[in-house]
Every structure is written in C-alpha cells, then in structure tokens.
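Participant: Can you look at this prediction? I've put the sequence above it.
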Amino acid sequence: MTLATGLAQHLERPLARGHVPAGAHTGAAGGAACGDLIRISLALDPEAPDGRIIDAGFDASGCGATIAAGSAVVALLRDSPLLDAARIAPETIAQELGGLTPTKRHAAELAADALHRALGSALREARLEPVSGRTLVAMSGGVDSAVAALLSAEVGDETVAVTLELWSDPENDGDLSCCSAQAVRGARSLAHDLGVPHFSIDLRAEFRAGVVEPWLNEHAAGLTPNPCVRCNGSVRLDAMLDLAGRLGASTLVTGHYARIDREESAFAPLLRVAVDPAKDQSYALSGLSPSSLARMRFPLGELTKPEVREIARRAGLPVAARRDSQDLCFLAGTRRTDFLARHGSLDPCPGAIRDREGRLLGEHAGIHTVTVGQRRGLGSGAGLDRAGEPLYVLETDRASNTVTVGSRPELLTGAVRVRDTTLHRDGARVDAIKVRYRGARLPCRLAAPTGPGRHAAIEVELREPAERTAPGQIACLYDGDRIIGHGTIT
C-alpha cells in the first residue's frame, strides 16, 4: 500500500469513526498542545482465552493524518489477540497508512498512545488463559529493565512487558522519571524494538493514595519516610503481579539488583542482597511478601552494573549508556521542599535550633526540612559547636517546632526500636540490621526472644554504637545476606 492510497483510503472512508463498542475501554491522546485529539475504543471477547478484540472504533479531531491514523488502528485491531494488539507501534500504524512523512509522523504516535491507554484499561479486566513459560517483565525505559527483558527472552520465556505510569506533574522533569508519560513511551519503544508486546497501566490514583499522600503526611508529622519500600511492597509490584496473573504469566521479572533464596524448601523464599553491593536494592524491596517473591525473578542480582551495560551494548540497545535515575521517581528534578509545599502545603515554618542545654544556636525552615543525623544545611551558627566541630540533628520536636543538635558522640546509640515489624524467620537468627538505603549492615541481636510473624514493636541491640536514624526510616533485619524481617524505626 502506498502513502497516497493508504492515507487517502483511511481519510476518505475511515473505519468505525464515532463508534464506541458496548463495554468498551477507551484511551485518548493529544489535546491543546498540538491541536489534535484522538480516542481509541475497543472491546474484548470475555470468553476468548487470548483476549481477542471483537470490536473497535475511534474518533478524532484535528489534521487529516490523525483521522487516518485512528482508522488504521481500527483496521489493525479487528479480531486481533490482545498480545498482538500490544505489539502495535507508531511504525505499524504508519505502514498501514502506506508510510508517513516526518511532518505527519505525530499522528501515528498519538494514535499509538491512545491505543495503548485503551489496552491498559482493558488488561485490568482481562483474564487470559495461563501459558507455560510466559513471563511479565517490568520495564522503565532504562538499561536495567531492558537487559532483564533481554535475558528473559534469551532463556526461552514468552516475554511480555509492562510499564506503570505512576505520576504526572508539569513541574517535574519527565525525562528523569521512571514512571512519567515520557518514560512509558520510551519503554514501549524499547520493548517493541525487542519484539516484545508492551502494556502501559495508569496507576496514578493508586500511587498518589498509597505512596505520595502517606509520604506527605509523615513529613508533616516530623518523620522521614521511605516511600520506595511502601511502593514496592504494596502498590507497584503488587499491581504488576496482578497483571501477570491476568496475562496468564506465572512469573514477574524486574531489573532490580537483588536475589531470591529458595533453598529452605520447607519455608517461603527470602530476599538476598545482590552480588554488586554498590547497586544492591534489596533494602527497597524488603516490604515484599514471601508469596510475592515466590512469583518473581531478579536476573540482574548475580551481575554487576558494568556487566549489565556491556550486555546492553553488545545487544545494540540504545539505552546502554543511559544514566541512572537518582531522585525519588515523583520528584524527578524537583526540589523536595518545593514538592512538599506544592503538594502537601508544607510551607516554611521557622523554629529554633538548640543544643542539649537549650542554648539557641540558629533557626530552621521547618521540621519537615530536617532529619535526624543531618549535618549540612542547618544555617548560620548552627553548623559548628564552640570548638568548631560539626553539629548533627539529634532529634526534632514537632509540638514545639524545635530542632536539637549535638556532637557526633551524642548522635550515637546502642539500640534501635522498630515498630510494625514483620519477621519471616525466628528472631534468634537476626545478626545484622540496616537502617539506611545506602548504609552498612550493623551487627546486632534482638533484645528479647521473638518468633516469626507480626510484632507491634521490638528492640534491637547493636554490637557497637552507631549513628541513630531518623524515625520513619525502614529497618531491615538480616541473617547473613538474607533479609528475614523489616519494620519502621521509631
């Protein structure tokens, strides 16, 4: 089909324009920024084991190429299994139109965005027949998840990719986020380049309610929360495990640097630290339940970051040299204080900085702007003691809006109190605790006999004094290099 005949045919006789199937799932793309708007609607056969699309329609406004692209999508969707539809890319749409000039390329891209939003909505209600060897891979658009997908395919798995859109904020740098609309498009393009069907799921409402709002509330309460553990443990990975089941996939693969210990056959699996200590992410995954771990694989856990980049380079992946994201995904280039003010109404609230004797040393900008153990950024007069030694935040008092500072020896503690603790093995096996994402594992023991299960509070005795950690941070409990429990520091 040539450009002239393909584009003209779909423009002159568009398929199912204005048609919305009964029980349809609809996705939209475009709008004010470009002037073009397109909606794709589709319906699945609830009895078909492959989630076959039995009806589709579209509507569009704007340039003729956008209308033709909507019609092309309908043609491609008719009687298509769900996984085949998830392979449709802007290039597929352009080919159906006989090719598109660079100036009309945006129409295929908008149509693909709208289509994949509709497919994501449909997937959340679909239930495909289980297929042996089918694996769902979480893709963020970065090198780690791309290599995880590549390795999954190389071992013979039927690989399907998914990306979650978790956050949208015009003040953020979407290119730095792993869960923005830009990241979704990048991950989809990468999956299609690998020949892998791709789904994108809009989980923004769940992410805000389950991760961002608690993070804001805990900051307002004077705590220093770790949102990644909550996200991985109860929002993001749980959602993808549910999607894996709906796709008929028995396993979820991610690009995290962590390992799973399945050696104790009489017990549920445990997390293990990664081979590469500089990239280990097991701390951030500690909230995962053993039942979730049983359905997961981390193929990068036995690799170092340089090895991962080399695999990507040899495979010709365009993200081989892409830099890693550093911020929390919902910050992505936004200052934490600006985010707290904009989304949590946590504006500057100046208060006193005092030492243990009550002497006034300076002024802070708000309890939510400081954390226990902090040394820098305390302001003039509060950063050094009389001998010129650094001062550290020892504690914060929300009721009096006061920050207490002191020397490093005053920051040291011999015990850590942990609330809302989950133990997967007997507490007698705990030999180390980690209280910061990039911190060291500290030798310890539990102060009292504690069996597996949930505990309102426990006390951990350190073998040697260590700097105390901000309330709200996660404590991981270890037996060697295995995580056997976790909780929140008080």
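Facilitator: Great, that's in hand.
Participant: now the helices: where do they sit in the stretch 51-200 of the chain?
Facilitator: The residue ranges that make up the helices of the stretch 51-200 of the chain, judged by DSSP state H, counting those that start in this stretch, are 64-77, 82-85, 90-96, 105-123, 143-154, 181-193.
Participant: Show the contacting residues for Gly64.
Facilitator: With contacts defined as C-beta atoms under 8 Å, 6 or more residues apart in numbering, the neighbours of Gly64 are 7, 11. C-beta here means a position set from N, CA and C on the backbone, and glycine is covered the same way.
Participant: ok, so what distance separates it from Asp347?
Facilitator: In this structure, Gly64 lies at 49 Å from Asp347, with C-beta to C-beta, to the nearest Å as the measure.
Participant: How about Cys63?
Facilitator: In this structure, Cys63 lies at 45 Å from Asp347, with C-beta to C-beta as the measure.
Participant: Arg314 is nearest to which of the helices of the stretch 51-200 of the chain?
Facilitator: helix 143-154 (9.9 Å; C-beta to C-beta).
Participant: tilt between the closest one and helix 181-193?
Facilitator: Here helix 143-154 points in a direction 30 degrees away from that of helix 181-193 (axes from the mean of the first three to the mean of the last three C-alpha atoms, to 10 degrees).
Participant: Gly27 in helix, strand or coil?
Facilitator: Using DSSP: H, G, I helix; E, B strand; the rest coil, the secondary structure recorded for Gly27 is strand.
Participant: Look up which residues are beta-bridged to it.
Facilitator: Per DSSP bridges, the residues bridged to Gly27 are Ile40.
Participant: Give the burial count for it, as a bare number.
Facilitator: Around Gly27 there are 23 other residues, counting by other C-beta atoms under 10 Å.
Participant: Same drill for Cys63 and Asp347, tell me which one is more crowded.
Facilitator: Of the pair Cys63 and Asp347, Cys63 is the one with more neighbours under other C-beta under 10 Å, namely 16 against 12.
Participant: and the residue lying closest to that one once chain neighbours are set aside, what is it in contact with?
Facilitator: Of all residues not flanking Cys63 in the chain, Asp36 sits nearest, at 5.8 Å (C-beta to C-beta, 6 or more residues apart in numbering). With contacts defined as C-beta under 8 Å, 6+ apart, Asp36 is in contact with 30, 60-63, 66, 106-107, 110.
Participant: Closest to Thr404 out of these?
Facilitator: Out of the contacts of Asp36, the member with the shortest distance to Thr404 (by C-beta to C-beta) is Gly30, at 54.0 Å.
Participant: gap between that closest one and His192?
Facilitator: Taken as C-beta to C-beta, the span from Gly30 to His192 is 21 Å.
Participant: Ok, Gly233 next?
Facilitator: In this structure, Gly233 lies at 30 Å from His192, with C-beta to C-beta as the measure.
Participant: now Pro449
Facilitator: Remark: distance between Pro449 and His192 (C-beta to C-beta) = 55 Å.
Participant: For these two, indicate the residue with more neighbours.
Facilitator: More neighbours sit around His192 than around the other of Pro449 and His192, counting by other C-beta under 10 Å; the figures are 20 against 8.
Participant: Excluding residues flanking it in the chain, which one is nearest that one?
Facilitator: For His192, the nearest residue in space outside its immediate sequence neighbours is Ala89; the separation is 4.4 Å by C-beta to C-beta, 6+ apart.
Participant: Who are the contact partners of Gly245?
Facilitator: Listed by C-beta under 8 Å, 6+ apart, the contact set of Gly245 is empty.
Participant: any weak-confidence spans in the stretch 101-250 of the chain?
Facilitator: Applying pLDDT under 70 to the stretch 101-250 of the chain flags residues 170-180.
Participant: any idea which strand is longest in this structure?
Facilitator: Using DSSP state E to define each element, the chain has its longest strand at strand 453-467.
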